[in-house]
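Colleague: take a look and give me a structure for this.
(3 chains)
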Amino acid sequence: MAGGALLCTIAGKQYKIDSNTDLGALAKKIEVPPKVAAANRDVRLTKAADISGIRKEYWIQAEPVTWNPVPKRRDQMMGTSIKKTVGRTKVQAYAYRLYDKDFSKPLGPATIPGPLLDVTVGDTLVVNFRNTLPIPVTMHPHGAFYSNEMDGAYKGYWTDPGGFVQKGRTFQYVWECPEGTQGSWHYHDHGPLDATSVFKGLFGPLIIRDPDEPLPDREYFLAFHSFSPTFFPLKSMLSSINGRAYTGNTPTLRATVGDDVAMHVYGMDNDFHTFHIHGHRWKEPDGTIVDNKTFGPADSFRVRWIEDNPGRWLYHCHVFTHLASGMSGWYIVD
Amino acid sequence: MAGGALLCTIAGKQYKIDSNTDLGALAKKIEVPPKVAAANRDVRLTKAADISGIRKEYWIQAEPVTWNPVPKRRDQMMGTSIKKTVGRTKVQAYAYRLYDKDFSKPLGPATIPGPLLDVTVGDTLVVNFRNTLPIPVTMHPHGAFYSNEMDGAYKGYWTDPGGFVQKGRTFQYVWECPEGTQGSWHYHDHGPLDATSVFKGLFGPLIIRDPDEPLPDREYFLAFHSFSPTFFPLKSMLSSINGRAYTGNTPTLRATVGDDVAMHVYGMDNDFHTFHIHGHRWKEPDGTIVDNKTFGPADSFRVRWIEDNPGRWLYHCHVFTHLASGMSGWYIVD
Amino acid sequence: MAGGALLCTIAGKQYKIDSNTDLGALAKKIEVPPKVAAANRDVRLTKAADISGIRKEYWIQAEPVTWNPVPKRRDQMMGTSIKKTVGRTKVQAYAYRLYDKDFSKPLGPATIPGPLLDVTVGDTLVVNFRNTLPIPVTMHPHGAFYSNEMDGAYKGYWTDPGGFVQKGRTFQYVWECPEGTQGSWHYHDHGPLDATSVFKGLFGPLIIRDPDEPLPDREYFLAFHSFSPTFFPLKSMLSSINGRAYTGNTPTLRATVGDDVAMHVYGMDNDFHTFHIHGHRWKEPDGTIVDNKTFGPADSFRVRWIEDNPGRWLYHCHVFTHLASGMSGWYIVD
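Modeller: You can find the predicted model right below:
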């Protein structure tokens, strides 16, 4: 989609979404689904769910954020300044932000990706979600077990309140994590404008841990995605990892020889990528040994090894144009 | 290939194939391969094969078909009319159609994809194929065991009669299904213009069942493909599942809680896709649990689960532009 | 990248690389990293490593090469001349070339891909590498175990001598192959201009054999890549296997019924591909039976079967536009 526009059909009319689009004005043309309209009149909506077992609860708000994918203004891998070439990179984006109980105060800045949801098999995951963006957005989890009302997906006429959370409204998602849901997952907006909002930053990592498996000593959650000129006033595509592009801006990962290291990787744009890391390889669940792995949009997986190789290593996508446009980072082992 | 043209080399000349191309006229420029010309003089060609064991026999004809990928004219996921946006979607396409023994009568309409070929390990699959299209086409199976003469592939000078079935001609394919061929497969045209004809609709599902495995209670065969402006007079790409685009037009799948449900998925265009379904996940053969899976052109796989989650769910490709251009559908569980 | 240009940032300036770019002039703008400059003054650099155990040693030179991806000027699959359609295909490319001990004499012509590096678990792989190209290049292996200094990767300020081998210079790479590195791998340039040089031919196959596994009777190493108009003065993309495009130019593979056949496949361009072979299928490590497999840039894998099906078969990428632009070949079984 680089440089082009996204075609979006709303209320029987087709709109071109590009970096100049007023999404709030566009969102007003979207009819409020009947179940959402009914729920908006129901004051009991955000009452806490009655849950047995262990309850892991989060308060998360969708917010506008000023975001710079290349804050250091340099590409350390190429040893060059980005300032003169890529130009201005500060953009107006969207983010999920973690708050304290009852949204009393933020627990940190709004970030791309959003906060890690970290639960274990057997837990009930409760996410109290508030939207302050001018468009209806949601949280849709991968991997977890959830009832139809809790899928956080816009479904036209059949949309449940959790699939269309309007500006200023709150919705409480309850997602179960029974045996059979363990894995490295993620969540993202699945509202009516998700093909725009996800690209503007509305996604984050989710892990459902297997209680029989030891915790790694070090772990990293890595979203491979992009900042596209379709959605931002950028000169060119910024192929990104966790909201940042170019080595030194993307996460610099660290470990020590002997560590049990896990990387949780997921894709969150329109492209297919590979995950490659220098000086290391891992055993796939089928027993094969690889050091490069293909994945697509919304795919997620974990790689894991016992660290045995000190040095300053690169990890990157092996699609050469993605690597050249920022999709790489340092992994430093002491 | 959206909006562009396919470059095709025939008899040492390069042709641009687009939605205006007269494929029949183009096909006349293709030299008839020598073994095909010889066989065309052999009246015994379509004599029934002498086969031991269980024989599963089909009569299938390649036909022109008037096809509407968006017959309901609406996108139920987005709750909007497609009429004003995507415009006219009725196209002249190609299809495989199922006939009764000896082509005595059609057993249903011509469809995209073509009829399911449903056999079990140990069977011999016999397909009596007749072509009424103005171009030479074939049937090329994946997964099955077949001798070189039965591969249904155009191979230039070395083409066998089954690899170049001209208008009005019939060919009997005999494909074996020994142990080691079990799986979810498909078939498609592999004639000299396959990079056009497959995109016009010449493909279908094939399953070779493992006799030691219980049948699912419900199963669906899902082709992820597209109707492209390269081959049809369309305003934009229609990302499709089983010949239809946009939720409510694509197959609405159904199941009941407790059902053993199988989905057989394959790719049949130029793109890579993912298969994602809401509210469900499945165990891969390597033991990992996933709810989203990458696949490429001609890849095929099966996912299977015991249904435990009632509701109206979306299944879709997670490439966001494919989702936005129609590659999604309903899965309704009672 | 077909027909376009690659954007490349060097010393804080952005350059468009296309088929007219003087890469040697461009390379002069790249600052020599400090550790490389220091090493260039150290005469002991190429002293043979002190290695215990079995040592497998190669002498390989990076060279310019005049290369014709379509030397037969015909596409045997389509039975047509390429001369009139694809036009002139002879290009100025880069290649790795195998030399005798101490670079005393070449052991064959420079080829795309480069020579096979063939070792067994337990070996130490020593590659004496000399560069005669006008740009700094390297050899970066996949799969093997190597210390940080031996990764053959350009890392800006942190670049080691093996990551920036300038014209006329030599570097000795020492890579270990302990248990856990077995597999079908490859190597490629990872210098500062790798997004160009790899596309010009700087890659090759690497296998680390498992000593407990019998050798196959026949094996082939197949790189799926492309010659792009971005980097060469070509009329259109040539989708290639082992440096050649179109059936009859790409490798014609041969086997005999009863042979234990292995194919080692890897991707080395910007695209995702599938590997498909007619008349055959294989068991994946997870137990599934497939005849078509998706892979991305730098992915590598092996498929293996006992040959049971004589004839003239096609193997090809199932992305239809890649197939139509040359990515297919013969597999002939007696």
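Colleague: now do the residue lying closest to residue A:283 once chain neighbours are set aside, the pLDDT please.
Modeller: With Cβ to Cβ, 6 or more residues apart in numbering or on different chains as the measure, residue A:289 is the residue that lies nearest to residue A:283, at 5.6 Å, once sequence neighbours are left out. C-beta: built from backbone N, CA, C; applies to glycine. Residue A:289 is assigned a pLDDT of 98 by the prediction.
Colleague: in contact with residue A:289: list those residues for me.
Modeller: Taking Cβ atoms under 8 Å, 6 or more residues apart in numbering or on different chains as the criterion, residue A:289 is in contact with A:281, A:282, A:283, C:143, C:180, C:181, C:182, C:183.
Colleague: of those residues, which belong to helices?
Modeller: Among the contacts of residue A:289, no member is found in helices (DSSP state H).
Colleague: any chance of those residues in JSON lines, with neighbour count too?
Modeller: What follows is the contacts of residue A:289, written out as JSON lines (neighbours: other Cβ atoms under 10 Å in any protein chain shown):
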{"residue": "A:281", "neighbour count": "21"}
{"residue": "A:282", "neighbour count": "18"}
{"residue": "A:283", "neighbour count": "13"}
{"residue": "C:143", "neighbour count": "24"}
{"residue": "C:180", "neighbour count": "16"}
{"residue": "C:181", "neighbour count": "25"}
{"residue": "C:182", "neighbour count": "21"}
{"residue": "C:183", "neighbour count": "23"}
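Colleague: of those, just say which sits nearest to residue B:195.
Modeller: Of all the contacts of residue A:289, the one sitting nearest residue B:195 is residue C:183; the distance, using Cβ to Cβ, is 33.5 Å.
Colleague: I figured that closest one hits residue C:208, correct?
Modeller: Yes. Between residue C:183 and residue C:208 there is a contact under Cβ atoms under 8 Å: 6.0 Å.
Colleague: for the two, list the residues in contact with both.
Modeller: Between them, residue C:183 and residue C:208 share the neighbouring residues residue C:143, with contact defined by Cβ under 8 Å, 6+ apart.
Colleague: may I have the phi/psi pair for the closest residue to chain B within chain A?
Modeller: Using Cβ to the nearest Cβ, the point where chain A gets nearest to chain B is residue A:148, with a distance of 2.5 Å. Dihedral pair for residue A:148: phi -60, psi -40, per degrees, to the nearest 10.
Colleague: can you list the weak-confidence ranges in chain A?
Modeller: Under the criterion pLDDT under 70, the flagged ranges of chain A are A:1-3, A:42-53.
Colleague: longest strand in it, by residue count?
Modeller: Scanning chain A for the strand with the most residues, using DSSP state E, yields strand A:55-67.
Colleague: so which bits of the helix ranked longest in chain A are buried?
Modeller: As assigned by DSSP H, the longest helix anywhere in chain A is helix A:34-40. Buried positions in helix A:34-40, judged by neighbour count with 16 or more other Cβ atoms under 10 Å in any protein chain shown: A:35, A:36, A:39.
Colleague: hmm, the last one is touching residue A:161, no?
Modeller: Right, the one you point to is residue A:39. Yes. The pair residue A:39 / residue A:161 is scored as a contact, 3.9 Å apart, by Cβ under 8 Å.
Colleague: contacts for the longest helix of chain A, please.
Modeller: A:32, A:45, A:157, A:158, A:159, A:160, A:161, A:163, A:164, A:166, A:169.
Colleague: farthest pair within the contacts of residue A:289?
Modeller: Greatest spatial distance among these (Cβ to Cβ): A:282 and C:182, at 13.5 Å.
Colleague: cool, thanks, signing off.
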